[in-house]
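Colleague: Could you look at this predicted model? Sequence included:
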Amino acid sequence: MDYEDKNHDCSRGCIVDRDDAGALRVAYNSGCCKLADFDWLAGIDDDKYKDLYEVRFKNTRKGIYRNDSGQMLREGDLVIVEATNGHDLGIVTLCGAVVLRQMMRRKINPETYQFKKIYRKAKALDIERWQEAIAREHATMIRSRQLAANLGLEMKIGDVEFQGDGTKAIFYYIADERVDFRQLIKDFAEEFHIRIEMKQIGARQEAGLIGGLGVCGRPLCCSKFMADFKSITTAAARCQDLALNPQKLAGQCSKLKCCINYEASTYIDARKNLPDAREPLDLKDGLAYLVKTDVLMGTMWFSFDKNNMANMFPLSAEQVIQIRELNRHGKKGDSVIEKAKGGDDTPEFVSAVGDDSISRFDKAGKRRNRDRDRDRDRDRDRGERAGKEPQEREKTDRNGENANRGDREGNRSENGNRENRNDRGGRNRNNRRRHRNENKA
């Protein structure tokens, strides 16, 4: 089977194709699963919970099921599981000791939790019906959005998931306020002839369902490993000295990026070691104002002009504390300009200006070669123009002489014609006089 004939269903983490006889083949592909978990306890048996398996459905929906079928199951098997109404089809993604770790993460007590059952492995007819139900999902989602818009409901239907037997569908929707969708459910049941389940999700959960790549070039955290979403505020961005630009701080869900919280605690702890510098430092050179802080390095940058970042100089947290102590006793700190003249080594301040230059990745050698080639081409063009100028001047002079000669010849011909006309006119007048005289005689 060619690569083009395979259907990579990343929403369920499988590859679907047909063999030469036309039978469906479904292979588990863990590389494109959302919220996939690595089995780092593979090969370790747990006899107490050996019948528990993690079964994955569409996108991020998965659950822990108990195997009551007596069949040997392994990762990648398609199984028929118990559902509220009917049965569903899923893929076994985890088994063994790591399942207990997943239950602890989800706060599931295996002693009291009511696990649903795994009936059996899926047959060819089950897989065919499952694929037919999947083929209806996109058209159902488009039509459901139209029905919701006709009722004027303030909601957005983000995804539709059909049950494995095709008798039920889950509609995932987003809404800012409470929505009365009782009439909508009636319209859905009349339109699609299935059982309806409405499930509200947030903007971050929708991004996890859809998936995608972030600005870092890696898959979105909400679709890769995040299952619990914590509140994110601009205070986490301020403590890291991030620019409060909504276009840079917002993710694909139009909310603040989840990764802002990753290093916030480190910055908060580092800021505890920095002194308060809201008031300017009184130095012998003048008043120094804080303009920038490198939190992790513990370096504070000051300037004598609070409205300008030019001529900045760095001070460590310990130096600022010492100067603060001197100012508290009415003394001024040491001159920074004299220390700079003395050649003390100071950390270099690197600005981000120029980082977005399109030629910043060009090698210096290639740039010099381009400049040399450009200069050589310019010199060659100048030489060619210099060689052409005498020829063009000579040609211009020759053309000028030819033009003058032609003008002189034209003038002579015009004068000759004028003289001929004058001669003919004079002879005609003399003949007329002679004829008049003869007639009088």
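Modeller: Yep, it's here. Numbering: from 1, shown residues only.
Colleague: Domain map for the chain?
Modeller: Following automatic domain parsing, the chain resolves into domains at 3-122, 133-208, 230-271, 273-341.
Colleague: Quick one: those domains as JSON lines, columns for mean neighbour count, mean pLDDT and distance to residue 215 too.
Modeller: The way it works is simple: take the backbone N, C-alpha and C, and place the C-beta from them, glycine included. Output for the domains of the chain, formatted as JSON lines (neighbours: other CB atoms under 10 Å; pLDDT from 0 to 100; distance: least, CB to CB, whole Å):
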{"stretch": "domain 3-122", "mean neighbour count": "16", "mean pLDDT": "85", "distance to residue 215": "19"}
{"stretch": "domain 133-208", "mean neighbour count": "16", "mean pLDDT": "90", "distance to residue 215": "13"}
{"stretch": "domain 230-271", "mean neighbour count": "14", "mean pLDDT": "87", "distance to residue 215": "8"}
{"stretch": "domain 273-341", "mean neighbour count": "15", "mean pLDDT": "83", "distance to residue 215": "22"}
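Colleague: of these, which approaches residue 218 most closely?
Modeller: Smallest distance to residue 218 across the domains of the chain (CB to CB): 10.1 Å, for domain 230-271.
Colleague: Could you tell me the end-to-end distance of the closest one?
Modeller: 22 Å (CA to CA, to the nearest Å).
Colleague: Can you pull the phi/psi pair for residue 268?
Modeller: phi -60, psi -40 (degrees, to the nearest 10).
Colleague: and residue 189, what element?
Modeller: helix 182-192 (DSSP states H and E).
Colleague: what do you get for residue 289?
Modeller: strand 286-294.
Colleague: Now for the closest residue in space to residue 194 that isn't next to it in sequence: which residues touch it?
Modeller: Closest residue to residue 194 apart from its sequence neighbours, by CB to CB, 6 or more residues apart in numbering: residue 169 at 5.3 Å. Counting by CB atoms under 8 Å, 6 or more residues apart in numbering, residue 169 touches 137, 140, 160-163, 192, 194-197.
Colleague: repeat that with 6 Å
Modeller: 160, 162, 194 (CB atoms under 6 Å, 6 or more residues apart in numbering).
Colleague: List just the one of the domains of the chain that sits closest to residue 380.
Modeller: It's domain 273-341; of the domains of the chain, that one is closest to residue 380 (CB to CB) at 44.9 Å.
Colleague: all helices of the stretch 251-400 of the chain, in order?
Modeller: In the stretch 251-400 of the chain, the helices defined using DSSP state H, counting those that start in this stretch lie at 264-271, 317-328, 336-341, 364-440.
Colleague: list the helices and strands the second one packs on?
Modeller: This means helix 317-328. If you count contacts as 3 or more CB pairs under 6 Å, 6 or more residues apart in numbering; DSSP states H and E, helix 317-328 packs onto no helix or strand.
Colleague: who touches that helix?
Modeller: Here helix 317-328 has contacts from 274-275, 281-282, 298, 300, 333, using CB under 6 Å, 6+ apart.
Colleague: and the angle for it with strand 286-294?
Modeller: 150 degrees (axes from the mean of the first three to the mean of the last three CA atoms, to 10 degrees).
Colleague: What angle do helix 264-271 and helix 317-328 make with each other?
Modeller: 50 degrees.
Colleague: Off-centre distance for helix 317-328?
Modeller: 45 Å (CA atoms, centre = their mean, to the nearest Å).
Colleague: Same check on the first one?
Modeller: Helix 264-271 has its average C-alpha position 28 Å from the chain's average C-alpha position, going by CA atoms, centre = their mean.
Colleague: ok, now stretch 172-189?
Modeller: 32 Å.
Colleague: then it to PDB, C-alphas only?
Modeller: What follows is stretch 172-189, C-alpha atoms only, in PDB (Å, rounded to 0.1, in the frame of the first residue of the first chain):
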ATOM      1  CA  TYR A 172     -18.200  20.000  22.200                       C
ATOM      2  CA  TYR A 173     -19.100  23.700  22.300                       C
ATOM      3  CA  ILE A 174     -17.700  27.000  23.700                       C
ATOM      4  CA  ALA A 175     -19.900  29.700  25.300                       C
ATOM      5  CA  ASP A 176     -19.100  32.700  27.400                       C
ATOM      6  CA  GLU A 177     -22.500  32.500  29.200                       C
ATOM      7  CA  ARG A 178     -25.100  29.900  30.000                       C
ATOM      8  CA  VAL A 179     -26.900  28.600  26.900                       C
ATOM      9  CA  ASP A 180     -30.400  27.200  26.700                       C
ATOM     10  CA  PHE A 181     -29.900  24.500  24.100                       C
ATOM     11  CA  ARG A 182     -33.100  22.400  24.700                       C
ATOM     12  CA  GLN A 183     -34.600  23.300  21.400                       C
ATOM     13  CA  LEU A 184     -31.200  22.800  19.700                       C
ATOM     14  CA  ILE A 185     -31.000  19.200  21.000                       C
ATOM     15  CA  LYS A 186     -34.400  18.500  19.500                       C
ATOM     16  CA  ASP A 187     -33.300  19.900  16.200                       C
ATOM     17  CA  PHE A 188     -30.100  17.800  16.300                       C
ATOM     18  CA  ALA A 189     -32.100  14.600  17.100                       C
END
